[in-house]
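> Pasting a predicted model and its sequence here:
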Amino acid sequence: MSQNHLYLVDGSSYIFRAYHRLPPLTNKHGEPVGAVYGYTTMLWKLVDALDKADGPSHLAVILDKDSKSFRNEIYAEYKAHRPEPPEDLRPQFPMIRDATRAFSLPCIEEAGYEADDIIACYTKAAVAEGWKVTIVSSDKDLMQLIEEPSPSGGGGVDMLDTMKNVRMGREHVIEKFGVGPELVGDALALMGDSADNIPGVPGIGPKTATKLLVEYGDLESVLAAAPEMKKSAMRDRLIEHADMARLSRVLVELDCAVALPMPLDDMALDGIPEEPLRAFLDHHGFKSLLLKIGGPAASPNASNRDFAAAIAGDGNAPKPGEASKPVAVVREHQPIDRSQYETVTTEAALDAWIAEARHAGAVAIDTETDSLDCITGRLVGVSMATAPGKACYIPIGHGGNDLLSEKPEQLSLALVTAKLDKLLIDEAVRKIGHNLKYDMSVLAQHGLEFRNFDDTIVMSFALDGGAGGHGMDELAQRHLDHACIAFKHVCGTGAKQISFAEVDLGTATEYAAEDADVTYRLWQVFTARMAAEGGTRVYQMVDRPLVPVIAAMEQRGIMVDRAELSRLSQGFESEIARLETTIHEEAGAPFTIGSPKQLGEVLFDKMGLKGGRKGKSGVWSTDINELERLKKDGVPIAQKLVDWRQLSKLKSTYTDALQEQINAKTGRVHTSYSLTGAQTGRLSSTDPNLQNIPIRTEVGRQIRHAFVAAPSHVILAADYSQIELRLAAHMADVPELKAAFARGDDVHATTAMELFGEVNRDTRGRAKTINFAILYGISRWGLAARLEITPDEAQAMISKYFERFPGISNYISETLEFARAHRFTETLFGRKTHFPRIDASNQAERQGSERAAINAPIQGTSADIIKRAMARMGPALRAAGLDATRMLLQVHDELVFELPEAEVEAARPIIEHVMANAAEPAVTLSVPLGIEIGTGPSWGAAH
DNA sequence: GCGGGAGGC
DNA sequence: AGTAAGGCCTCCCGCC
């Protein structure tokens, strides 16, 4: 290491944040340890970065000693309004010291000084020696200490927020305070700090403080200039409270007078003795961390049976002699070595791998094809992994055919699929895949099916929904600290992209076997975490069973009437052309109507129309609200623009695009569903998206009529009626709404009666808008815009709603409280959605997270319910002897089937029963789930 | 690759 | 202090 790099951990502030962020875990002794766990994992991460770039060479933890500082002497109110720490946090303070000692790290605290002061002293001392310093904290007071490295790259002080995983330098300080670190103290003195009860100048917040400092230079200059400022409340306050500002400045100054209790050199980090750490982790039962120091990951030959034992907490003890060996660095993972991967080209080798998979009891599998399309994609090879680092690739379809290259020596498709078939249906062997839906569809072309499987993409979603993506490369980076070979590195991109079948076997083996290897390792990580964090319920009961169901729906596809789409396209085209001519005439010159920028300029600059809004990028808004407003003002071009927009959208997105999506092999359209695409647990649909086919306008609805049943079949569409509102009534416990649903009443009318005392078209419509606004996390402004009333009137309406339905109000506050304490929300079935930004300092961002957190349990529970219905639908239909009824599509609260006319009457009650009872037995709802079913020759006709 | 706009729930 | 202000998605287009 060329330069010493000191990490100073602000332990006290960390545990408060960890406490609020993590669920209230207890260890096996019944002690609350949530914050301790968070603290331990943070230390682990820091220490593990020892030999990495920007990692620590020296490290110390600084804690507040429970005593007062000089600040209390000069200002009695300092930190006086702080509430006592919560009951279950207090016993965790001493454990923080235990944890630090378990890592054999120095832990420093001094009577009469706050941790911030000690951190400042060490920072200055280390910088004086030319060291680099990282302060691990998120306390804004400490931002005063941030310094740029010298031009030669030496020294420098930055801050690391381990929870948000961001490193903050000077530019972050300027972003937050509008001034550099040297003026942070002055800014704090002006604006005050409610957390520490520092007064500042009343009426001056961060924005004004920044403005003043930028204008006048520093605090003293601001105070000196105050009498000359133009008369305002602010000027008077600056004069009146100048002394308070000066006192505040002293309070926020970091005190560097303390003598260093430990020399810098003693903080060197060169090894963590394993034993005290193991004892500590074992005492608290932090199994996932224990695994990392003695777990099977350390041994490349460990099978998953060892792994299972490790999770269970036995069989994990180190061998004698190894037990107390100091580890230079606590390694989270064995690095991935691709050199041992095997290319399987003989039957004997294939047999050996399949035998190994049976012996191990678990095998990761990945298929390679020549296309992303799993319906027509040709199988090119299969990779397998039976332990970390132990992986192979079985080429099948490389070279040959129309490709110029020679066909390499490889096993035949028939042989490999026959042998794989036995392994895949073997209930005793767990098959692991990443996005197994794809592999299931590819292998289904050859008649293969999977029994006993895990899908790591779905496991990741169940554990970390909302906390990042779930692609394999991203997960490998996050959990294994490993960069996967990029597909484009192997096959290229764009015009030069080649098929995987053209890749040479050496490269193909490295790439494909690595995918299986990484999948296997991810499975180990997730299996351990599922046990520890309890994410199994929703995974095992809802998401995993859905994987083969979705794969089958995608394979079936839906029939589309190409001639009908083409007819619609032509009709739209001539209407679009006609509108275009008139629009250009009325505008006085031709322009690109599809360009919002040009359109805005035509309407508001050239034609001089009034009342336009500009967005943040400076272009005139021309969205539907603006156009509707112009229509009301009697601008004739507005209606034509609305029509033009609608028809262009329908033509380009639906009638043209859908024709191209018709699969040449099946003659049907096969969407692709993502099980992990929506934070709340909903599915999403792409290529094409069949979850946004128009229905609301007559002209749009024509597109639904082009989705047709096969000859002598019909389409059956089954909808959950108002499912989210029903779930809100249940979850928020609103007796009036529950009763209305139980009676089968019109619930919007019920709401209208409660709010307005009478039911007519107008009040019912308003009530409906409010009901939906509640589901989405209400705001007076949003509601005001929707109802075309003032924000004050909207607020009055919301207040009345909360008064009439106090359950809703309680639900919202309880949900937000939970989300802030745990960083996630949960559905009735235990699906978590994470909200890492729920306490963002940016208000818009925070409020966005809050609205999402209010919506997620409701939308997510609805998603869980329809997924359960889908998983049960096939077996229920088969049990009733309905062998030809097929589920084709899911549109969030709707299922679309294709079935022979002869099965309709028998299928109808079964579908209704499965959907209506899908929550049971896991959850019993206090509202009925209403189902509406329609049938017809097309999807449009079935509604 | 981004942002505006618009289709669905 | 004053701002902007409904949740979850995907797709198309113009524009840089």
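Yes, it's here.
> And the residue of the stretch 751-900 of chain A that's closest to DNA strand B?
Going by C-beta to the nearest atom of the strand, DNA strand B is nearest to A:D893 of the stretch 751-900 of chain A, at 3.8 Å. Using the backbone N, CA and C atoms, a C-beta is placed for each residue, glycine as well.
> which ones are touching that residue?
A:719-720, A:723-724, A:862, A:866 (C-beta atoms under 8 Å, 6 or more residues apart in numbering).
> need the contact list for the residue of the stretch 651-800 of chain A found nearest DNA strand C.
Of all residues in the stretch 651-800 of chain A, A:G782 sits closest to DNA strand C, at 2.1 Å by C-beta to the nearest atom of the strand. A:G782 is in contact with A:773, A:776, counting by C-beta under 8 Å, 6+ apart.
> what helix or strand is it on?
Using DSSP states H and E, A:G782 sits within helix A:780-787.
> touching DNA strand B at all, that helix?
No: using C-beta under 7 Å from any atom of the strand, we find that helix A:780-787 stays clear of DNA strand B, coming within 12.6 Å at best.
> Same question for stretch A:682-692.
Yes: using C-beta under 7 Å from any atom of the strand, stretch A:682-692 reaches DNA strand B at A:689, A:691-692.
> What is the burial count for A:P921?
6 (other C-beta atoms under 10 Å).
> Spell out, range by range, the helices that occur in the stretch 601-750 of chain A.
Counting by DSSP state H, counting those that start in this stretch, one finds helices in the stretch 601-750 of chain A at the ranges A:624-632, A:636-649, A:657-660, A:698-704, A:723-731, A:735-743, A:747-756.
> An error on my part: the question was meant for the stretch 751-900 of chain A.
For the stretch 751-900 of chain A, applying DSSP H, counting those that start in this stretch gives helices covering A:761-775, A:780-787, A:791-804, A:806-822, A:843-879.
> Close to DNA strand B: what parts of chain A are there?
A:596, A:600, A:615-617, A:619, A:621-624, A:627, A:642, A:645-646, A:649-650, A:653, A:689, A:691-697, A:700, A:891-894.
> Could you rerun that using 6 Å?
Taking C-beta under 6 Å from any atom of the strand as the criterion, chain A approaches DNA strand B at residues A:596, A:615-617, A:619, A:621-624, A:645-646, A:649, A:692-696, A:700, A:891-893.
> hmm, which of those are the buried ones?
Applying 16 or more other C-beta atoms under 10 Å to the residues of chain A next to DNA strand B, the neighbour count classes A:622, A:645-646, A:693-694, A:700, A:891-893 as buried.
> before we move on, back to that, in space, what's closest to the residue of the stretch 751-900 of chain A closest to DNA strand B - neighbours in sequence excluded?
Excluding its sequence neighbours, the residue lying closest to A:D893 (C-beta to C-beta, 6 or more residues apart in numbering) is A:Y720, at 4.3 Å.
> Any chance of the contacts of A:D893 in a markdown table with neighbour count and pLDDT as columns?
As requested, the contacts of A:D893 are arranged in a markdown table below (neighbours: other C-beta atoms under 10 Å; pLDDT from 0 to 100):
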| residue | neighbour count | pLDDT |
| --- | --- | --- |
| A:D719 | 19 | 95 |
| A:Y720 | 23 | 96 |
| A:I723 | 23 | 95 |
| A:E724 | 20 | 95 |
| A:S862 | 26 | 95 |
| A:I866 | 22 | 96 |
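> Those residues: which ones sit near DNA strand C?
Here nothing survives when the contacts of A:D893 are matched to DNA strand C using C-beta under 6 Å from any atom of the strand.
> Out of these, flag the one nearest to A:W939.
A:D719 (12.1 Å; C-beta to C-beta).
> got the buried ones among the residues of chain A next to DNA strand B as CSV, with pLDDT columns?
CSV is the format used below for those (pLDDT from 0 to 100):
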residue, pLDDT
A:T622, 90
A:R645, 93
A:Q646, 92
A:I693, 94
A:P694, 93
A:G700, 92
A:V891, 95
A:H892, 95
A:D893, 95
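> from the residues you listed, which is closest to A:P181?
Distances from A:P181 to these, taken by C-beta to C-beta, are shortest for A:T622, at 43.8 Å.
> for that closest one, what are its contacts?
Counting by C-beta under 8 Å, 6+ apart, A:T622 makes contact with A:596, A:599-600, A:603, A:641.
> Let's have these in TSV, adding pLDDT.
Shown next, in TSV, are the contacts of A:T622 (pLDDT from 0 to 100):
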residue	pLDDT
A:P596	87
A:L599	91
A:G600	89
A:L603	91
A:L641	93
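> Narrow those to those that are buried.
For the contacts of A:T622, a burial check counting by 16+ other C-beta under 10 Å picks out A:599-600, A:603, A:641.
> these two touch, right, A:G777 and A:P857?
No: with contact defined as C-beta atoms under 8 Å, A:G777 does not count as touching A:P857 (11.4 Å).
> more neighbours, the two?
Using other C-beta under 10 Å, the more surrounded residue of A:G777 and A:P857 is A:P857, with 24 against 20.
> so what's that one up against?
Shown in contact with A:P857 (C-beta under 8 Å, 6+ apart): A:731, A:815, A:825-828.
> Setting the sequence-adjacent residues aside, check what's closest to A:F70.
In this structure, A:F70 finds its nearest non-sequential neighbour in A:D255, 6.6 Å apart by C-beta to C-beta, 6+ apart.
> can I assume the one you found is in contact with A:I119?
No: using C-beta under 8 Å, A:D255 is not in contact with A:I119, being 10.9 Å away.
> and the helices of the stretch 751-900 of chain A, which is most packed in?
Greatest average neighbour count among those goes to helix A:843-879 (a mean of 20), per mean count of other C-beta atoms under 10 Å.
> so A:D543 sits right up against A:S460, yeah?
No: the pair A:D543 / A:S460 is not scored as a contact, 10.8 Å apart, by C-beta under 8 Å.
> So between the two, which is more surrounded?
Neighbours per residue, other C-beta under 10 Å: of A:D543 and A:S460, the larger number sits with A:S460, 28 against 24.
> dump the residue contacts of that one.
When contacts are counted by C-beta under 8 Å, 6+ apart, A:S460 touches A:470, A:475, A:522, A:526, A:676.
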